[in-house]
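J.: Structure for this input, please:
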Amino acid sequence: MSDFRKKSINSGKWNLILQVGQYGITFFLSIVLSRMISPAEFGLTGMLSIFISIATIITNSGLASALVFDKNANEDDYATVFYFNAIISLLLYFVLFFSAQLIASFYGQQELIPLTRWIALVFVFNAFSIIQNTILVIELDFKTQSIIKLISLIISVIVAIIMALTGFGVYSIVAQALVQAFIGSALFWFQSSWRPSGRFTKKSFVKLWNYGSKILFSNLFTTLTQNIDNLLIGKIFQPTILGLFVRAKSTKAIPESIFTLAFQTSIFPILTKVNEDKYEHKRKHLQFFKIGSFFIFPLVVVFFYSSRELVLFLYGDKWLNAVEYLEIISFTIIPYFLGILFNQTLLSMGDSKLFMKLNMFRRVLSIINIPIAIYWGLIPYLYSMVIFSSIGLIIDILYSSPKINTQFKDYLPTLFKSIIYSLVMALVIVFCTKFLLIGALSAKIIGIFIAIFLYLIILYYFEFQIFLHFTEILKSFTNKQ
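T.: Below you'll find the predicted structure:
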């Protein structure tokens, strides 16, 4: 195995460790807090998500991604990004601080005033360690990055649980975010030898901005459209409904984020390193697509059939109404996961302009279905989310293919096989649930395990190369790298 391949697999391994660790720990925290905090209190933090997310995206500005892409970045480039992010984060904090009253008035929830002013500090802390984090990404040193993020998360979760047990309610959620951001930023500074020794220069800013601005506006638009449903549901419905919806989204985000972020952070640096070899770049892109498809389809099948038991076991009866929301939106994981591949492939080629256009188009689709929530209700809106996100993936493939030297038909066999294999899994689960003469829960668990085992057999006999790749990744977890 080549050194580059070893490093690629090792980076993917540590990305997976990080994402599984992060969401495993966060998942545990959500279980604890869900049993001590009401859906209405969760709804309050959901009301703020759009404002904090937009401020975070503006702070990041896309310039860090430009540094990763620029193989010849100098010290002035790094310093320019550092100073820009630091200044912008402070300015945005003061904007949110003085806008807290307006936000509270919009929702009719005065408790949002102190919540906004506290939680807005998160992106200020994060902004001061962006360069140290970016350097680790450039060096494919995801091991150090993972250790730092997991340490800061564990400490913050301990603080949040202590606060929840002592009656701080929704402020336990705020404290967790603040402590994680502060400790994480401090640890990144401690482990890194980099300090801002260069100058902020117009030349560096313009160079990086030409690439990063496309990512900024795309991510900004994406974040706005991803969180606008929280804004409208919080305004139109009661905080309890928003809390249930946010719980469904956050539960869906557990598998989505664990594997999507690990997939994403591995794709970009790997494809960037081979972007001058068009054949190798295309080959790795198609390989990523096949690996991603054969992984994400069965994952969604298992997640769908275990949604009810998952919600009841983890959160309790008071969250039962979130089950239907979760079952529907679980299918949006597939187009989101695969869409990441096309985003990162375009960025690895330096085509941030098309990246921005495709992301904006997908988000326009998501905005189009907002009136469905207003006039027909939440459930029809959730079904429309699945439909429009699938259309977005098709558009990604159609418009990205000419750039990657592929055709739409190159992806169809993989998609077709993934659907067929996953339907076989679904039929096995349904059959076991209905016909095994044991308890419903036990029958479903047995059905899921049989379905997974059958799927692995299918991969072994019909997709042996993918089976070997999965095996190689699993074996890498035993390496002392």
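J.: Helices along the stretch 1-150 of the chain, start to end?
T.: With DSSP state H, counting those that start in this stretch applied, the stretch 1-150 of the chain shows helices at 3-34, 39-60, 63-69, 75-107, 112-119, 121-127, 130-138, 142-165, listed in chain order.
J.: what separates the residue minimising distance to the centre of the chain from Leu121, distance-wise?
T.: Per Cα atoms, centre = their mean, the C-alpha nearest to the average position across the chain is that of Ser257, at 3.9 Å. Note on Ser257: its distance to Leu121, by Cβ to Cβ, to the nearest Å, is 23 Å. For every residue, glycine as well, the C-beta is placed using N, CA and C.
J.: How about the host helix or strand of Ile448, which residues are buried there?
T.: Taking DSSP states H and E as the criterion, the element that holds Ile448 is helix 440-462. Neighbour counts over helix 440-462 (16 or more other Cβ atoms under 10 Å) mark 443-448, 450-452, 455, 458-459 as buried.
J.: Which other helices and strands does that helix contact?
T.: helix 278-305, helix 412-435, helix 464-476 (3 or more Cβ pairs under 8 Å, 6 or more residues apart in numbering; DSSP states H and E).
J.: nearest spatial neighbour of Gln145, skipping sequence neighbours?
T.: On the basis of Cβ to Cβ, 6 or more residues apart in numbering, the spatially nearest residue to Gln145 that is not a chain neighbour turns out to be Leu136, at 4.5 Å.
J.: ugh, wrong one, Gly184
T.: Computed as Cβ to Cβ, 6+ apart, the closest residue to Gly184 that is not its neighbour in sequence is Ser152, at 3.7 Å.
J.: Run a quick check on the one you found versus Leu178, I expect a contact.
T.: No. Ser152 is beyond contact range of Leu178, at 11.0 Å (criterion: Cβ atoms under 8 Å).
J.: so which of the helices and strands packed on helix 440-462 gets nearest Asn405?
T.: For these, proximity to Asn405 was assessed by Cβ to Cβ; helix 278-305 is nearest, at 5.3 Å.
J.: Buried residues in that closest one, which are they?
T.: By 16+ other Cβ under 10 Å, the buried positions in helix 278-305 come out as 281-282, 284-286, 288-305.
J.: just stretch 35-52 next, same as before
T.: The neighbour-count criterion (16+ other Cβ under 10 Å) identifies 37, 39-52 as the buried residues of stretch 35-52.
J.: Ok, stretch 339-355 next?
T.: The neighbour-count criterion (16+ other Cβ under 10 Å) identifies 339-349, 351-352, 354-355 as the buried residues of stretch 339-355.
J.: before we move on, what about stretch 180-188?
T.: Neighbour counts using 16+ other Cβ under 10 Å place 180-185, 187-188 of stretch 180-188 among the buried residues.
J.: Now do the contacts for Leu326.
T.: Remark: with contacts taken as Cβ atoms under 8 Å, 6 or more residues apart in numbering, Leu326 is in contact with 248, 251-252, 307, 310-311.
J.: Quick check on these: which are buried?
T.: Buried members of those, scored by 16+ other Cβ under 10 Å, are 248, 251-252, 307, 311.
J.: Can you pick out the most distant pair from these?
T.: Once Cβ to Cβ is applied, the buried ones among the contacts of Leu326 give Lys252 and Val311 as the farthest pair, at 11.1 Å.
J.: what residue ranges in the stretch 251-400 of the chain score low on pLDDT?
T.: Across the stretch 251-400 of the chain, the ranges flagged by pLDDT under 70 are 258, 261-266.
J.: Tell me which stretches of it form helices.
T.: With DSSP H, counting those that start in this stretch as the criterion, the stretch 251-400 of the chain has helices spanning 278-305, 307-315, 322-329, 333-348, 352-368, 370-375, 378-404.
J.: Please enumerate residues in contact with the fifth one?
T.: Around helix 352-368, the neighbours that count as contacts under Cβ under 8 Å, 6+ apart are 62, 211-212, 214-215, 217-219, 221-222, 224-226, 228, 339, 342-343, 346-347, 385, 388-389, 391-392, 395-396, 399-400, 403.
J.: what angle do it and helix 378-404 make?
T.: Orientation note: helix 352-368 sits at an angle of 160 degrees relative to helix 378-404 (axes from the mean of the first three to the mean of the last three Cα atoms, to 10 degrees).
J.: got the buried residues for helix 352-368?
T.: For helix 352-368, using 16+ other Cβ under 10 Å, the buried residues are 352, 354-360, 362-363, 365-366.
J.: relative to helix 307-315, how tilted is the helix holding Ile448?
T.: Computed by the same axes, to 10 degrees, the angle between helix 440-462 and helix 307-315 is 120 degrees.
J.: can you list contacts of helix 440-462?
T.: Contacts made with helix 440-462 from outside it, assessed by Cβ under 8 Å, 6+ apart, are listed as 294, 298, 301-302, 305-306, 309, 417, 421-422, 424-426, 428-434, 436, 438, 466-467, 470.
J.: out of the residues you listed, which are buried?
T.: 294, 298, 301-302, 305-306, 417, 421-422, 424-426, 428-429, 432-433, 466-467, 470.
J.: Run through the stretch 101-250 of the chain and note the low-pLDDT ranges.
T.: 222, 226, 237-238.
J.: And Val170, how close does it get to Leu121?
T.: Counting by Cβ to Cβ, the gap from Val170 to Leu121 is 16 Å.
J.: now Gln109
T.: Gln109 sits 20 Å away from Leu121 when distances are taken as Cβ to Cβ.
J.: Please apply the same query to Val311.
T.: When Cβ to Cβ is applied, the distance between Val311 and Leu121 equals 32 Å.
J.: Would you enumerate the residues in contact with Lys149?
T.: Lys149 makes contact with 18, 22, 184, according to Cβ under 8 Å, 6+ apart.
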